[in-house]
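Asks: Compute the structure for the input listed below.
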Amino acid sequence: MHGHAFRLELPESITTSAVFASPHSGRDYPPAFLSRSILDAHAVRSSEDAFMDWLVADAPACGAPLLLAMAPRAYVDLNRSSDELDPALIEGLRRSMPNPRISSGLGVIPRVVSNGRAIYRGKLTLAEAEERLQKVWHPYHAALQGLLQDQINRFGEAILFDMHSMPHDAIASYGQRGRAIPEVVIGDRFGASAAGWIVDAVERVFAESGLRTARNAPFAGAFVTQHYGRPSKRQHVVQIEIDRALYMNEGTLELRPAFAAVQRTMGRIVAALAEIGRRESRLAAAE
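Replies: Reported below is the predicted structural model:
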């Protein structure tokens with residue numbers, strides 16, 4: 001544990017080139033942050049990928065490293081570039097090229113939580129923003145890059161499964177178009193962040209578990225997939241978004257009775273995803 005940045009869980013023996021990460025499930029809210037926010041302790045959690053860390057907890061038992069954010073997304077968004085700073089929130093910044101994430105208040109230091117609710121009444125100083133990046137963003141990403149490089153050194157490749165949950169409202173419109181609403185959205189930035197055979201294998205894993213999938217819509221992947229996805233260098237990233245409504249009440253942040261069953265299913269899925277990173281298994285399947 002590096003301050004409030006992350007928790008890294010390693011297996012006794014790393015047996016797969018897969019790495020699992022959950023950058024948005026952190027819920028270690030600094031008291032000073034909560035006292036500064038105009039939101040109550042419940043509302044400020046609405047952007048959190050709540051309980052995703054529980055759903056992927058089996059990764060080390062499957063031979064894969066697991067990197068978990070401890071700091072919450074409302075404090076620092078680890079799926080943004082460190083330079084995506086919002087001049088509407090941070091004093092002394094010049095306005096730069098248009099960026100839709102920053103414009104909507106969802107930069108690396110978010111201005112809003114879900115449904116556009118403001119976190120603060122006033123602005124933060126640039127020194128405050130930079131301190132958060134130094135304590136949270138940089139340690140997390142140093143750990144992530146280190147894990148991926150270790151996997152490449154060990155196996156000749158790295159496959160990062162960047163695990164997220166998505167609001168049900170984000171995918172509800174699929175039903176209005178006469179299509180089945182996906183329960184899982186697999187993002188590879190339209191083929192740019194991972195080899196096609198890996199993404200095909202990921203989709204099969206979820207389909208065989210009875211879950212409906214979609215690719216790249218409405219989530220194709222953000223900073224992590226764009227920055228770390230380098231298939232030509234055998235460094236692959238797949239973003240996986242799971243519908244929160246499957247296992248929790250999004251309004252109350254309470255677990256549904258179905259959570260235990262979803263957790264068991266996710267345990268099997270994590271094991272199958274880890275298997276994708278085992279070269280021996282792939283070679284045996286090709287024989």
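Asks: Which parts of the stretch 151-287 of the chain are strands?
Replies: Secondary structure of the stretch 151-287 of the chain (DSSP state E, counting those that start in this stretch): strands at 158-166, 184-187, 213-215, 235-243, 248-249, 254-255.
Asks: Low-confidence bits of the stretch 51-200 of the chain, can you list those?
Replies: Residues of the stretch 51-200 of the chain meeting the criterion pLDDT under 70: 175-176.
Asks: which residue ranges form the helices in it?
Replies: Using DSSP state H, counting those that start in this stretch, the helices of the stretch 51-200 of the chain run over residues 52-55, 100-103, 126-132, 138-155, 169-176, 196-208.
Asks: on that earlier part again, present the strands of the stretch 151-287 of the chain as CSV; the columns should include distance to E131 and mean neighbour count.
Replies: Yep, even glycine has a C-beta here, placed from its N, CA and C like the rest. Formatted as CSV, the strands of the stretch 151-287 of the chain follow (distance: least, Cβ to Cβ, whole Å; neighbours: other Cβ atoms under 10 Å):
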stretch, distance to E131, mean neighbour count
strand 158-166, 26, 26
strand 184-187, 31, 24
strand 213-215, 38, 18
strand 235-243, 28, 25
strand 248-249, 32, 15
strand 254-255, 34, 13
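Asks: how about these, which one is nearest I14?
Replies: I14 lies closest to strand 158-166 among the strands of the stretch 151-287 of the chain, at 11.2 Å (Cβ to Cβ).
Asks: Could you measure from G178 over to A207?
Replies: Distance, G178 to A207, by Cβ to Cβ, to the nearest Å: 20 Å.
Asks: R94 too?
Replies: Computed as Cβ to Cβ, the R94 to A207 distance reads 48 Å.
Asks: Could you check which of G178 and A207 is surrounded by more residues?
Replies: More crowded of G178 and A207, by other Cβ atoms under 10 Å: A207, with 12 against 6.
Asks: show me the contacts for that one.
Replies: Residues in contact with A207 (Cβ atoms under 8 Å, 6 or more residues apart in numbering) are T213.
Asks: Report pLDDT for it.
Replies: Listed pLDDT for A207 reads 97.
Asks: want to try TSV for the strands of the stretch 151-287 of the chain, with distance to W137 as columns?
Replies: As requested, the strands of the stretch 151-287 of the chain are arranged in TSV below (distance: least, Cβ to Cβ, whole Å):
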stretch	distance to W137
strand 158-166	15
strand 184-187	21
strand 213-215	28
strand 235-243	18
strand 248-249	27
strand 254-255	29
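Asks: so which of those gets nearest G229?
Replies: Nearest to G229 among the strands of the stretch 151-287 of the chain is strand 235-243; the distance by Cβ to Cβ comes to 3.9 Å.
Asks: Dump the C-alpha coordinates for the closest one into PDB.
Replies: Written as PDB, here are the backbone C-alpha positions of strand 235-243 (Å, rounded to 0.1, in the frame of the first residue of the first chain):
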ATOM      1  CA  GLN A 235       1.400  -5.200 -24.400                       C
ATOM      2  CA  HIS A 236      -2.400  -5.600 -24.600                       C
ATOM      3  CA  VAL A 237      -5.200  -3.800 -22.800                       C
ATOM      4  CA  VAL A 238      -8.800  -4.700 -22.700                       C
ATOM      5  CA  GLN A 239     -11.300  -2.600 -20.800                       C
ATOM      6  CA  ILE A 240     -14.200  -4.500 -19.300                       C
ATOM      7  CA  GLU A 241     -17.400  -2.700 -18.100                       C
ATOM      8  CA  ILE A 242     -20.000  -4.600 -16.200                       C
ATOM      9  CA  ASP A 243     -23.600  -3.400 -15.600                       C
END
